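Novice: Sequence first, predicted coordinates after that:
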Number of protein chains: 4
Amino acid sequence: MPMDQRQRIPVAVLGATGTVGQRFIEMLAGHPWFELVAITGSERRAGQRYGDAVTWRLPSAPPLAALALPLLAPDAELPAQIVFSALPTDVATDIEPLLAARGHFVFSNASSYRMTPDVPLLIPEVNPDHVGLLERQRATRGWRGALITNPNCSTIQLALALKPLVDAFGVTKMQVTTLQAISGAGYPGVASYDILDNVIPYIGQEEEKIERETRKLLGTLTEAGVAPAPMTISAQCTRVAVREGHMACVSVELGQEATSADLIAAWRSFRAEPQERALPTAPQPAIVVREEADRPQPLHDRDAGNGMAVVVGRVRPCAILGHKFIVLGHNTIRGAAGASLLNAELLVARGVIG
Amino acid sequence: MPMDQRQRIPVAVLGATGTVGQRFIEMLAGHPWFELVAITGSERRAGQRYGDAVTWRLPSAPPLAALALPLLAPDAELPAQIVFSALPTDVATDIEPLLAARGHFVFSNASSYRMTPDVPLLIPEVNPDHVGLLERQRATRGWRGALITNPNCSTIQLALALKPLVDAFGVTKMQVTTLQAISGAGYPGVASYDILDNVIPYIGQEEEKIERETRKLLGTLTEAGVAPAPMTISAQCTRVAVREGHMACVSVELGQEATSADLIAAWRSFRAEPQERALPTAPQPAIVVREEADRPQPLHDRDAGNGMAVVVGRVRPCAILGHKFIVLGHNTIRGAAGASLLNAELLVARGVIG
Amino acid sequence: MPMDQRQRIPVAVLGATGTVGQRFIEMLAGHPWFELVAITGSERRAGQRYGDAVTWRLPSAPPLAALALPLLAPDAELPAQIVFSALPTDVATDIEPLLAARGHFVFSNASSYRMTPDVPLLIPEVNPDHVGLLERQRATRGWRGALITNPNCSTIQLALALKPLVDAFGVTKMQVTTLQAISGAGYPGVASYDILDNVIPYIGQEEEKIERETRKLLGTLTEAGVAPAPMTISAQCTRVAVREGHMACVSVELGQEATSADLIAAWRSFRAEPQERALPTAPQPAIVVREEADRPQPLHDRDAGNGMAVVVGRVRPCAILGHKFIVLGHNTIRGAAGASLLNAELLVARGVIG
Amino acid sequence: MPMDQRQRIPVAVLGATGTVGQRFIEMLAGHPWFELVAITGSERRAGQRYGDAVTWRLPSAPPLAALALPLLAPDAELPAQIVFSALPTDVATDIEPLLAARGHFVFSNASSYRMTPDVPLLIPEVNPDHVGLLERQRATRGWRGALITNPNCSTIQLALALKPLVDAFGVTKMQVTTLQAISGAGYPGVASYDILDNVIPYIGQEEEKIERETRKLLGTLTEAGVAPAPMTISAQCTRVAVREGHMACVSVELGQEATSADLIAAWRSFRAEPQERALPTAPQPAIVVREEADRPQPLHDRDAGNGMAVVVGRVRPCAILGHKFIVLGHNTIRGAAGASLLNAELLVARGVIG
């Protein structure tokens, strides 16, 4: 167990200058298990100090130690078994398998391999057993390392909020409308001229990702791979003028009768492996239920559990599907960098790595 | 028909200093049939010039003629048969019936009497036959005038978008999430400290209004009054940082099979009484269908048809209810002042007034 | 005089797909003197219909006639003597002189030649006599056409507001802090992640432009060219979360004693050549003075005079320089497309063109 | 010295439910010297638990201990010598002297007594010697306690930024334009309909406060009271759509020649009594100088020094007054609650209290 170790485990971040890369840098500063030892950026900036290469865009100040690290080229040899990838999709598609082949455990935010049958799409609170795919992955591909992905930034919060309901009641249908933060589009992302005094009711491929990733996450690990959850999902995704925090207005049909109070009880009693193991980045609790009429709100709830908790509220009957509620999560922490970190912590705690 | 008249019909506006009152003043400037001759405000400001009493909050400049009108007390004698009410609910509850009794045709934005059985909740494109309730209303109550209401600012656009679908296919279920503009809360309304970099997933009574008003609007006029449409509705309402324009993300279940193209065709061919009669405030067409992937948007589509058209887009299949799409309308024009105006124009054109 | 003409003058717009290009297209729709007959775009889009090539970003709907025009390559032959340039600076630098040499009158928004000694930097209300530079320009360069520039989007409003003060009292010093709209940065321009809940106190080269362009605009035409006005200027420029409308907080030192009332009187009585000639795009009046404590504001005043007027308010003593006040103008209308249009109207009205 | 104490000093907060009151509660949670033991609110809410009475509006979660405190009436007996006042001006005017007479040390954010000759207007880094006024105050008024005020939220940052310049070079003139956050107006404060896509170039009495408070803060303590600094100040104040963080664009005339580098050196070497004494709330350093072209920015710099530091940037020559630069500070921390806290810490550290 890392808790007893005197030495932290070296880790690297790929695509460290982008906004998700910056979140990794921020979250790794002071991490009790991991020590950031290497970062990569674009070919053309390789060799620069991180502090010179990055335009820091997070509100917090950048960690001093990271600023001194040299930026390595995307395909550089990395002195770390654990690698966090904040690479853009096209670059990730090429590089991540190479690194896994070379022996790295790659924890990826990219969408390239999320739906690949032998690649776990992992949320430690939701489907930790899907780690079981790694054996197959490594055997088939002959990799010394492995590739583990985390879901899209809006899916992750939905799946986490659904998990206790699936366990307690079953979930047969979910209708969801999201109101997503601008940070979800990366940087420069959404032009201010497009979003100030406006809403954009479209995010390319986002609805499809929610519909398919959620079913894989809540699916069953079988001999043949992951059998998607038999749940019908319909999503509508919008972009709103919020910096951080994706909101989802959800209606669900459950597999059995339940009251709003039953749902709340299921969320409140939810405690999963990351909480049991007290993983460093695990929120305690994973799901916060607010009872005020007007919560959760991005501004007030995105930082719950240091941005790692999912906040649920306005639980009430839905005349069509039975139940409706609001879900909110921090899209660049729980929905991106923090998701990968927690995945890595799970594999370390289980002894898969190290 | 007023078109032939040499003289415009005198009208009054109640509650003229609020934001909906200001929209009435703006829309009446240059109206071909109506001439604004009287305005009322709070007791304490009675006697002031409108120009001195009002803090004009619309982006456009206020009409000069209106600025010179004296503000009358709420219960003053009004030299106009047609009266537009932008009164707050509590004041409207008391005053509107009094005015109707005195012989005025009161066109009200207030929610007080929308669900009252003998009061028409009217959208000229949707349920013009509900004007038939007025006979009963006047007979029962002994009023020389009448009281006509228009729906809540988010309901009106939904009902208008649903109407061609109801006619062509029947609609059995509607699931809707709204993203509503700050102007819907009046003035001062939403504090900037509450909404900047935020979303508020709650608007008091709004979901209930959508659920019940839509069913009355699309209901059937019978001997016994309006039988609500047998449609199941579930709404979630949120407030976003947009000045004007309510957006709704809608899923519907139809009474019969249809393709997205069928829905679009139904909207595109929709032409109702206000369009047939070419009422001055009637948009041509009433419903605009946009085919771009990312429309409608509040900033770009709220002013369609001078703010009186409803804009529909992103029509596509819904895995749960069959069809989903986005609806957008201008909440203080189509959703408030313009709604009352069009109601009055309908009654004038039909000869009920005048 | 075009007023008598039965036929409108053909004009072209260079760089028609950008946001300033779109403003030109919008303002030329229904222009009484000018008819848009040709537009250019980037090499790679040449040949496309404008409606296919452009992503229309203005809140208003695009004019239908323009949508059908084919996009020409930047260096195409243009069937119009008058050419409006919304080209980016680097492209403008190469192409504008070529077009002037070929016989076109090029009205440019680009900064490339604003400070060139024989190129007029022109505001019709401020320095119409600088048109006199054209003779020299055409003689020296052997051009059959000519090149006329308009100032930077923040300078133009300042110079216009200063002009009546210069005439009446002389102005020796101006200290100014601007709060500029995001549209001033073009598209995509300012990232929403940079400006939402933020102010950026820096706009590259903007302070320098204000300091030098204002002095040329208010300078004296001599045999040797324009002698800059002997005025000391110090500017600080910031970017704020406003869509349109640049605000400036100004302090001035005058050449002689004056009261706030004297300044207001100077602005109110100001009437220049565009107003005298009733040029189609000329605002009447050019300068609006508001007396409320909290005006002008971008939202309420940017559209004064159809976006062509400059609005001044909060005139009061300054303990350091003598007088202070607020100036506001629409940066993409008065500060860009409208500025070029008015320049062209002036030259047509004076008979320099046509 | 409290550092050695085993027990924390009990303190009370007046007006604890407002936004500045909430900042006090937030900053006192975990304070090493002070323990919050009592809070007051409006008469009508007296008796309620704080958790029931308050609508918490800060993004952070409210401290649990505070939520359990009962809300006392404004004039209740308070079991604490140190009292922090976040009262509205009118209430403060009556109650603060009463409490001082009863023996409390009242640290006030209200403007009521800031300019009163025997009341210190105190910033520990700027004019700690003005504490000397207290002897006179207590003698004249016969108070067992005392009244100490802190400046307006925009003044405090300006005075702090000016202090090292005054010490090193003298400052004879300051021209300043502020861009102030909406939180400065309290709650509900600025209506979203007034500020979204807008700037308001007016804040009642703010310019006057900057002009007179700055001169008292930088003034000289004499036998006869505080002689205001002989500095000419001219301010223009605007409100922008920013949650927290007042920005000021400043030009200054110094008493002697200096380069930008000299100013930066003066700020960088600045170290005052709170820093020397390492007061718990004192930022280290008090003034941060940023050298990037586009800093400070509210979003990135308001939290410097936990919101207690002032950030300066863009130091460069001003053609009129000699030097110009940007100043930024957190208006509800350094500019309000944190200011009072630091004042109390100073008096405790000096032994005036305790």
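Specialist: Thanks, I have it.
Novice: Nearest residue to A:Ile287 in space, please, no chain neighbours.
Specialist: Among residues not flanking A:Ile287 along the chain, A:Trp267 sits closest, at 4.7 Å (CB to CB, 6 or more residues apart in numbering or on different chains). Any C-beta I mention is one placed from the backbone N, CA and C, and that applies to glycine too.
Novice: do the same with A:Leu299
Specialist: With CB to CB, 6+ apart, the residue lying closest to A:Leu299 is B:Asn198, at 3.9 Å.
Novice: sorry, back to before: residues near the residue nearest to A:Ile287, how many?
Specialist: Close neighbours of A:Trp267, defined as other CB atoms under 10 Å in any protein chain shown, add up to 23.
Novice: Likewise for A:Ala261?
Specialist: If we define neighbours as other CB under 10 Å, then A:Ala261 has 9 of them.
Novice: now swap in A:Glu135 and tell me
Specialist: A:Glu135: 12 neighbours (other CB under 10 Å).
Novice: Wait, a helix at it?
Specialist: Yes - secondary structure of A:Glu135 (DSSP: H, G, I helix; E, B strand; the rest coil): part of a helix.
Novice: how close does it get to chain C?
Specialist: Note on A:Glu135: its distance to chain C, by CB to the nearest CB, to the nearest Å, is 41 Å.
Novice: ditto for A:Leu165
Specialist: To chain C, A:Leu165 is 33 Å away according to CB to the nearest CB.
Novice: That residue touches A:Val171, doesn't it?
Specialist: Yes - with contacts counted by CB atoms under 8 Å, A:Leu165 reaches A:Val171, the gap being 5.2 Å.
Novice: and the angle for the helix or strand harbouring A:Ile233 with strand B:232-239?
Specialist: Assigned by DSSP states H and E, A:Ile233 belongs to strand A:232-239. Put simply, strand A:232-239 runs at 30 degrees to strand B:232-239, going by axes from the mean of the first three to the mean of the last three CA atoms, to 10 degrees.
Novice: how far does the helix or strand just after strand A:232-239 sit from the chain's center?
Specialist: With elements assigned by DSSP H and E, the helix or strand that comes after strand A:232-239 is strand A:246-254. Between the centre of strand A:246-254 and the centre of its chain there are 18 Å (CA atoms, centre = their mean, to the nearest Å).
Novice: and what of stretch A:221-237?
Specialist: Distance, centroid of stretch A:221-237 to centroid of chain: 17 Å (CA atoms, centre = their mean).
Novice: now the farthest one out in chain A, which residue is it?
Specialist: A:Ala319 (31.6 Å; CA atoms, centre = their mean).
Novice: was I right about the residue nearest to A:Ile287 contacting A:Leu162?
Specialist: No - the criterion here is CB under 8 Å, and A:Trp267 misses it with A:Leu162 at 10.3 Å.
Novice: interface residues of the stretch 51-200 of chain A facing chain B?
Specialist: Residues of the stretch 51-200 of chain A found near chain B (CB under 8 Å from any CB of the partner chain) are A:Lys173, A:Gln175, A:Thr177, A:Leu179, A:Asp197, A:Asn198, A:Val199, A:Ile200.
Novice: what's the farthest-apart pair in these?
Specialist: Farthest-apart pair in these is A:Lys173 and A:Asp197; separation 34.7 Å (CB to CB).
Novice: More neighbours: which of the two?
Specialist: Neighbour count, other CB under 10 Å: between A:Lys173 and A:Asp197, A:Asp197 has more, with 23 against 18.
Novice: In this structure that one contacts D:Tyr193, no?
Specialist: No - judged on CB under 8 Å, A:Asp197 makes no contact with D:Tyr193 at a distance of 11.3 Å.
Novice: Show me the common contact partners of the two, please.
Specialist: Listed contacts common to A:Asp197 and D:Tyr193 are B:Arg243; contacts here mean CB atoms under 8 Å, 6 or more residues apart in numbering or on different chains.
Novice: Quick check, A:Gln297 in contact with B:Val199.
Specialist: Yes - at 6.4 Å, A:Gln297 counts as touching B:Val199 under the criterion of CB under 8 Å.
Novice: Give the intersection of the neighbour lists for these two.
Specialist: Common neighbours of A:Gln297 and B:Val199 (CB under 8 Å, 6+ apart) are A:Met247.
Novice: Tell me how many other residues surround the nearest residue to A:Gly51 once chain neighbours are set aside.
Specialist: Leaving out its chain neighbours, the residue that sits closest to A:Gly51 by CB to CB, 6+ apart is A:Leu67, at 3.3 Å. Using other CB under 10 Å, A:Leu67 has 16 other residues around it.
Novice: Could you check how far A:Leu67 is from B:Gly30?
Specialist: Here A:Leu67 is placed at a distance of 62 Å from B:Gly30 (CB to CB, to the nearest Å).
Novice: about what we covered before: wait, does the strand holding A:Ile233 make contact with chain C?
Specialist: No - against chain C, strand A:232-239 shows no contacts by CB under 8 Å from any CB, the least distance being 9.3 Å.
Novice: neighbouring contacts of that strand?
Specialist: Against strand A:232-239 from outside (CB under 8 Å, 6+ apart): A:154, A:172-180, A:182, A:184-185, A:190, A:195, A:199-203, A:206-207, A:210-211, A:214-215, B:177, B:179, B:247, B:249, B:251, B:314, B:318-321, B:324, B:326.
Novice: So which residues of the stretch 251-354 of chain A form helices?
Specialist: In the stretch 251-354 of chain A, the segments counted as helices under DSSP state H, counting those that start in this stretch are A:260-268, A:273-276, A:298-301, A:338-349.
Novice: any idea how far the third one is from the chain center?
Specialist: Okay, so that is helix A:298-301. That offset, for helix A:298-301, works out to 18 Å (CA atoms, centre = their mean).
Novice: go on, the longest one?
Specialist: With CA atoms, centre = their mean as the basis, helix A:338-349 stands 10 Å off its chain's centre.
Novice: Ok, stretch A:145-160 next?
Specialist: That offset, for stretch A:145-160, works out to 5 Å (CA atoms, centre = their mean).
Novice: Can you list the buried residues in it?
Specialist: For stretch A:145-160, the neighbour count (16 or more other CB atoms under 10 Å in any protein chain shown) marks A:145-160 as buried.
Novice: same check, this time on stretch A:344-351
Specialist: Those would be A:Ala344, A:Glu345, A:Leu346, A:Leu347, A:Val348, A:Ala349, for stretch A:344-351 by 16+ other CB under 10 Å.
Novice: Done for today, thanks.
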